[in-house]
Structures are given as C-alpha cells and as structure tokens.
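>>> Sharing a model prediction with you, sequence too.
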Amino acid sequence: MADPSINDRAVEGDMARTVEQVRDAVRRHSARFERAIPLIASENLLSPYAKELLVSDFHSRYAEGLPGERYYEGNEQVDEVETLCLDLARRLFRCSFADVRPISGTVANLAVLKALAEPGDLVGTCRLADGAHISSASFGAFGLRSVKPVYYAWDSERMTIDVPKTKEILRSVRPKLCLFGLSLFLFPLPISELSSTLEEVGARGWYDGAHVLGLIAGGEFQDPLHEGCVVLSASTHKTLPGPQHGILLGNTDDPEVVKRLTSAAFPGVTSNHHLHTMAALAVSLAEHLAFGRAYARQVIANAKALGAALHARGFDVLGEPLGFTASHTLAVRVTREGGGEEVARKLAAAGIITNKNLLPGDTSPKHPGGIRLGTPEVTRVGMGEKEMVRIAELMDDLLHRGRDPAAVAQDAAAFKLGYTGLRYCFGAGEAAYRYYDLVGHPPA
Ligand code: DSN
C-alpha cells in the first residue's frame, strides 16, 4: 500500500536532494569560516552548551506572557529557565529590570520606541555616517514608529558626541527621548556629561548597547544604566557571545516605565519569544558571569593591538590620538586602497571577512569610505595581541604590497587553522565551526 505521508515520489526525491543541498551549503559555509579570519564587529560564536539548546524541544513551544502568568499550559520548565535568565541578566548588568522577550536588537529598539515615545515625538540620536544603527533611520525603527530624529553634533577627531554643541541642540529642540548607541562604536559616549541637560529638557536616556553588551557586562566599558540611561536595549550575540536574540534592561524605580516596557515587549513587538534562543541566552549569561571579564579585556586589548599594527603599516586607522579604540571595533579609512566596497571584497577573496562601512564625512551610503573591523570572534577562538600583528601583516601584503589574493588566502587559512577551538566558555576547546549532523542523509 502507498505511504500516505508521501505526496509524490518524484517530488520526494527532488526535495530530499534540495534538503541535502541546503545542508551542504551550510557545511561549506562552516568550513569556509573555519579557514577564514572573521573580523565582523557584530558577529561571534556560540558556546557548545548554548548551541545545544537551539535544537531542543523549547523550539517547538509557545509561552506568551511572563513566568507564572502564561497564556499556554505546559510551560513549567520554560518558566524555570526564563526566571533564571532574568535573574542572571539583572545580576550581570547590576540592574533592577530585565525582559528577555524581544527576539533581536532591532525588535528591542522597537519596544523602547513603543514604550517611551509617541508618533511625532523628537528623539535624539547620531547620524548613520557617524556610526548609528539603522534603527534610527527613517527607513528603520524610527520611521516605523513615526518619530523624528534630532541629530547630535559629532566630533570626528575623537569619534564621539560633541558635548557642548549637543547640549545646545538639546536645549533648543527638547527631544523626548535620547538614544545613545552605535554600530561603529569605538569610544564610550558622554552620557554622564549630558545627563543634567537631559534632565533639564525632560528627556529620558536610552542606550542601544548591542555592540558593547559583553564589554559592559565585563566591566570594561561604560555602564550606561548607572550613568543616566533608564533603559538599555540590545541584541545578545556581538561582544556578548550569546544566541541571536534581544534584551531590555533597566534601572528605574518608575513603575510606569517598567509597565510600558513590559507591555511593549509583549504583546507590543513579540508574540512568542523564541524559547530555544532564550534558553541559550541563559547559558550565555551564566558563562559571561564566569568568563566575561577576561574575555572583554582581551577583546579590547586585541582591537587596540590590531589598530596599532595596521597604523604602523600605513593604514589610516581612525581615533589614533586616543589609541584607535576603547572597544572591540576599529574604523579604517581605505580611500587610498580603493574604497570600502572594493577593499572589503578583496579582503574576503583573501579569506579576511570584514564589512564596508560609512565613516564621518561620507555622503553616499552606496560608496562608504571605510571598513569596520572587530575582534570578538578572533578573541573567542583564542587569539591574542601577537596574532593581531599577523592579521595586519596579511592585510598589508594584500592591500599595499600587491601580493596575490590566493597566496594570502592560503596563508590566512594556515594561520587560522591553529585557532578553531572555543574559549571563555564551559566546554572550552570544542570545535568552534563544527556542523552538528544529527540525522545523516535523507533517502533520495
Ligand atoms: N547591522 C549590525 C551590525 O553589523 O552592526 C547590527 O545590527
């Protein structure tokens, strides 16, 4: 008798091959990254204990609401894990409020906008070319909530907000909410210096800490919730090496703010909150409490070392007078080397993965003058300052000395294959780029 679960034998065979094609592409991707030098500032690697939870039964469930007050039955263990996750978040960030239901950084930003602004409100932020995230663009979350950006003045030399000029701007337009946070985040932002002006004009401070979350938690960057911001929104997979998820954190005793953030998280911007990634986040937060200080310190030390090594080889690394960076990120103006787009492509062909990036003064989003480099992932696999010098040499060989990209790629792979085990987590040494084949091949 025909198997009733099969629609059509020919289609079944075709689809089995398609499934295999998808798996094969992901396997090739993993193998490629194992041999590459990954320098995307917003990427990182998940620990084995966190990764395991991504294929757990939590993935199959719904748990709308908060622990103890769910809309679904069967959530006792979800409640247990989410309660732990919330406790860990409050402990790691030394704050009174956490919500782990936003499913990404942008979704967390939308929740803040829903909670603390109304359509038509003015919201302070930085310009995209000065490093802001696309959330504050009219085609991003600001546009979706119909709030209007008020741009801070920028100090391109110091790569941070110009405090005196920004105070004037805030006093003249009186925004309701002020966003601090960047995707090209080199130095802490002057929140303490601006907090009395925020108070004077009646604006709340909001920090998008996606990029620097693990550095804040590690005690190696500024601490925005103790410098005057009421809320911190973030994704959880950049310098905090967690799963792709989102978080809201707060340090306020205003119950109205807490209530508004809570209901913005759900039902405002999420229905279900991806329970498998929430569980993985709990593990990542626990691991950061155990290993995060040493990790954050090394991430920053590596970024400074890479900046100095590139500068010594003639690269135009921004922020030179201040030591290039105080975070995980570097900005390099590559006009001389062909512009951001061409340079990022050339580097990728030689096994060095970066991204083109707008820099202060750039006018065309399509032709960024720079590249952005980050050290979260290379640090996670055990590299230190010495290895940063080797990376700078490879970039110099390719972009200044005209060395053949294939030869550079070969050297980059040989170098990277010495750094493929995870560090700063439980289960350290586990293969960082392993593809977990749970089921073998489907029958074609
Ligand atoms: N766009 C990401 C980044 O690379 O910075 C953040 O969402």
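Received, thanks.
>>> pLDDT on the one helix or strand Ala25 maps to, on average?
Ala25 is part of helix 9-35 when elements are defined by DSSP states H and E. Taken as a whole, helix 9-35 has a mean pLDDT of 95.
>>> who are the neighbours of it, in terms of helices and strands?
helix 405-416 (3 or more C-beta pairs under 8 Å, 6 or more residues apart in numbering; DSSP states H and E). In short, each C-beta sits where N, CA and C put it, glycine included.
>>> buried ones in the helix holding Ala25?
Within helix 9-35, the residues that count as buried by 16 or more other C-beta atoms under 10 Å are Glu12, Phe33, Glu34, Arg35.
>>> In three-state terms, label the spatially closest residue to the first one that is not a sequence neighbour for me.
Closest residue in space to Glu12, ignoring its immediate chain neighbours: Ile6 at 5.4 Å, by C-beta to C-beta, 6 or more residues apart in numbering. Under the three-state scheme (DSSP: H, G, I helix; E, B strand; the rest coil), Ile6 adopts coil.
>>> What count of nearby residues applies to Ile6?
Burial of Ile6 is recorded as 9 neighbouring residues (other C-beta atoms under 10 Å).
>>> next structured bit after the helix holding Ala25?
Counting by DSSP H and E, the next helix or strand C-terminal to helix 9-35 is strand 37-38.
>>> any idea how far the residue nearest to Glu12 lies from His441?
For Ile6, the distance to His441 (C-beta to C-beta, to the nearest Å) stands at 18 Å.
>>> All the strands of the stretch 301-444 of the chain, in order from the start?
Ranges of strands in the stretch 301-444 of the chain, per DSSP state E, counting those that start in this stretch, are 316-317, 329-333, 352-353, 355-357, 370-374.
>>> Just put those in CSV and tack on distance to the ligand, mean neighbour count and mean pLDDT.
Converted to CSV, the strands of the stretch 301-444 of the chain look like this (distance: least, C-beta to the nearest ligand atom, whole Å; neighbours: other C-beta atoms under 10 Å; pLDDT from 0 to 100):
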stretch, distance to the ligand, mean neighbour count, mean pLDDT
strand 316-317, 19, 20, 98
strand 329-333, 9, 27, 98
strand 352-353, 12, 22, 98
strand 355-357, 7, 21, 97
strand 370-374, 8, 28, 98
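>>> Go through those and name the closest to Phe93.
Taking C-beta to C-beta, strand 329-333 is the member of these nearest to Phe93, at 20.6 Å.
>>> so what does that closest one touch, helix or strand wise?
Where contact means 3+ C-beta pairs under 8 Å, 6+ apart, strand 329-333 is packed against helix 275-312, strand 316-317, strand 370-374.
>>> C-alpha coordinates for that strand, PDB please?
C-alpha atoms of strand 329-333 as PDB (Å, rounded to 0.1, in the frame of the first residue of the first chain):
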ATOM      1  CA  THR A 329      35.900  47.800  16.900                       C
ATOM      2  CA  LEU A 330      38.200  49.700  14.600                       C
ATOM      3  CA  ALA A 331      37.300  52.000  11.700                       C
ATOM      4  CA  VAL A 332      39.800  52.200   8.800                       C
ATOM      5  CA  ARG A 333      39.500  54.800   6.100                       C
END
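>>> ok, for Arg174, nearest residue in space, not its chain neighbours?
Spatial nearest neighbour of Arg174, chain neighbours left out: Val201 (4.4 Å); criterion: C-beta to C-beta, 6+ apart.
>>> Where does whichever residue of the stretch 1-150 of the chain sits closest to the ligand fall, secondary structure wise?
Nearest to the ligand in the stretch 1-150 of the chain, going by C-beta to the nearest ligand atom, is Ser42, at a distance of 3.3 Å. Ser42 belongs to no helix or strand when elements are defined using DSSP H and E.
>>> who in the stretch 51-200 of the chain is up against the ligand?
Gly105, His133, Ser183 (C-beta under 6 Å from any ligand atom).
>>> For the first one, which non-adjacent residue is spatially closest?
Across the structure, with C-beta to C-beta, 6+ apart as the measure, the residue nearest Gly105 apart from its sequence neighbours is Ser235 (3.1 Å).
>>> center of this protein - which residue?
Lys238 (3.4 Å; C-alpha atoms, centre = their mean).
>>> Most neighbours among the residues of the stretch 51-200 of the chain next to the ligand, please name it.
Gly105 (29 neighbours).
>>> What residues does it make contact with?
The contact partners of Gly105, taken as C-beta atoms under 8 Å, 6 or more residues apart in numbering, are His133, Ser135, Asp208, Ala210, Ser233, Ala234, Ser235, Gly246.
>>> again, only this time at 10 Å
42, 133, 135, 141, 181, 183, 208-211, 213, 233-238, 244-247 (C-beta atoms under 10 Å, 6 or more residues apart in numbering).
>>> ranges for the helices of the stretch 151-300 of the chain?
Using DSSP state H, counting those that start in this stretch, the helices of the stretch 151-300 of the chain run over residues 163-173, 191-201, 213-217, 255-263, 275-312.
>>> and the third one, average pLDDT?
The reference is to helix 213-217. 98.
>>> Next: stretch 260-270.
For stretch 260-270, the per-residue pLDDT averages 98.
>>> so how far is that stretch from its chain's centroid?
Put simply, stretch 260-270 sits 21 Å off its chain's centre (C-alpha atoms, centre = their mean, to the nearest Å).
>>> Check stretch 123-135 too.
Put simply, stretch 123-135 sits 15 Å off its chain's centre (C-alpha atoms, centre = their mean).
>>> and the end-to-end length of it?
Stretch 123-135 has an end-to-end distance of 12 Å (C-alpha to C-alpha, to the nearest Å).
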